[in-house]
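Q: Generate a structure from the sequence data that follows.
(one chain, ligands or ions: 2)
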Amino acid sequence: MSFNNAFSLTGKVAWITGGSYGIGFAIAQAYHEAGAKIVFNDINQELVDKGLASYKQAGIPVHGYVCDVTDENAVRDTITKIEKDAGAINILVNNAGIIKRIPMTEMSAADFRKVIDVDLNAPFIVSKAVIPSMIKNGGGKIINICSMMSELGRETVSAYAAAKGGLKMLTRNIASEYGEFNIQCNGIGPGYIETPQTAPLRERQKDGSRHPFDQFIISKTPAARWGNTDDLKGPAVFLASGASDFVNGHILYVDGGILAYIGKQP
Ligand code: NAP
Ligand code: GCO
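A: Ligands and ions are numbered 1, 2, ... in the order given. Reported below is the predicted structural model:
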């Protein structure tokens, strides 16, 4: 395989869950540029329509579906539609996610379960549903979007950290269980990325100054900035391509160095 071909996704079908905006959309853009056929889903018609309009504007042919990734039947139905519209899925990106920032002692069990359901149970449900056809077709790539919270904790994100920590271990287990079928399952752990999910943490204060959390993140990041969705494109293509065929069960942290850094001395 030539160096350039190693990174090509030509002829591959890539499903990006929750891919109508943000990180999922950027990964889809990169996969399209690398030659893949893109399909995505989102939780409701409004988001799918918003996604379809953005893909059209970016010149990316795409199929979009309404599908709640926590619903096994809906996931199965969506896979049937994807196989009919685009072909068998070669690359799955478990990107759909939610966060609820609530102090743990104030969080209801229902809210905790909801986060676990979307961020951990759903990657299990969707991966479980695509693995049989990947095995039949000689292999595939599964990329789970993990987090800094796969490694670290902080106030208010107990459910999210529990889910993303679990997703790291689900990643390693899929790699362990299905590696022999030429399935590589890896994770990407984005650092703090500018998307709507993190917008409340970057809101300007009434006096125009930066949000204290915004300042905190910049001071904790050796790169001294938030990440942007483009920062995730190269790593996502690598993990979807032949270039990573012997990389399995790995979490690639794309965090500007956060996990390497103890922080500046006061
Ligand atoms: P996001 O706000 O987390 O949302 C991703 C998409 O998933 C949204 O369109 C969302 O719909 C959808 N979704 C939620 N529940 C769903 C369900 N049950 N079924 C189908 N779709 C569902 O966007 P993001 O910030 O781009 O994050 C993408 C992924 O990266 C997430 O897994 C997130 O946890 C992870 N991540 C983000 C950051 C960051 O700094 N932004 C850092 C590390 C990891 P709604 O808009 O209705 O919720
Ligand atoms: C938070 C953030 C994080 C990030 C991301 C970090 O409230 O601390 O939302 O959880 O979104 O997942 O990698």
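Q: burial measure for Ala236, as a count.
A: 29 (other CB atoms under 10 Å). Every residue, glycine included, has its C-beta placed from N, CA and C.
Q: Name the secondary structure element that contains it.
A: Using DSSP states H and E, Ala236 maps to helix 233-240.
Q: Just the buried positions in that helix, please.
A: By 16 or more other CB atoms under 10 Å, the buried positions in helix 233-240 come out as 233, 235-240.
Q: Can you add distance to Val115 and give the residues you listed back as a markdown table?
A: Putting the buried residues of helix 233-240 into a markdown table (distance: CB to CB, whole Å) gives the following:
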| residue | distance to Val115 |
| --- | --- |
| Lys233 | 27 |
| Pro235 | 25 |
| Ala236 | 23 |
| Val237 | 29 |
| Phe238 | 29 |
| Leu239 | 24 |
| Ala240 | 26 |
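Q: Out of the residues you listed, which is nearest to ligand 1?
A: For the buried residues of helix 233-240, the minimum distance to ligand 1 (CB to the nearest ligand atom) is 11.1 Å, reached by Ala236.
Q: tell me how far the lowest-mean-pLDDT helix or strand in the chain is from the chain's mean position?
A: Ranked by mean pLDDT, DSSP states H and E, the helix or strand of the chain with the weakest confidence is helix 3-6, at a mean of 86. Taking CA atoms, centre = their mean, to the nearest Å, the mean C-alpha location of helix 3-6 is offset from the chain mean by 24 Å.
Q: same question, stretch 165-177
A: On the basis of CA atoms, centre = their mean, stretch 165-177 sits 14 Å off its chain's mean C-alpha point.
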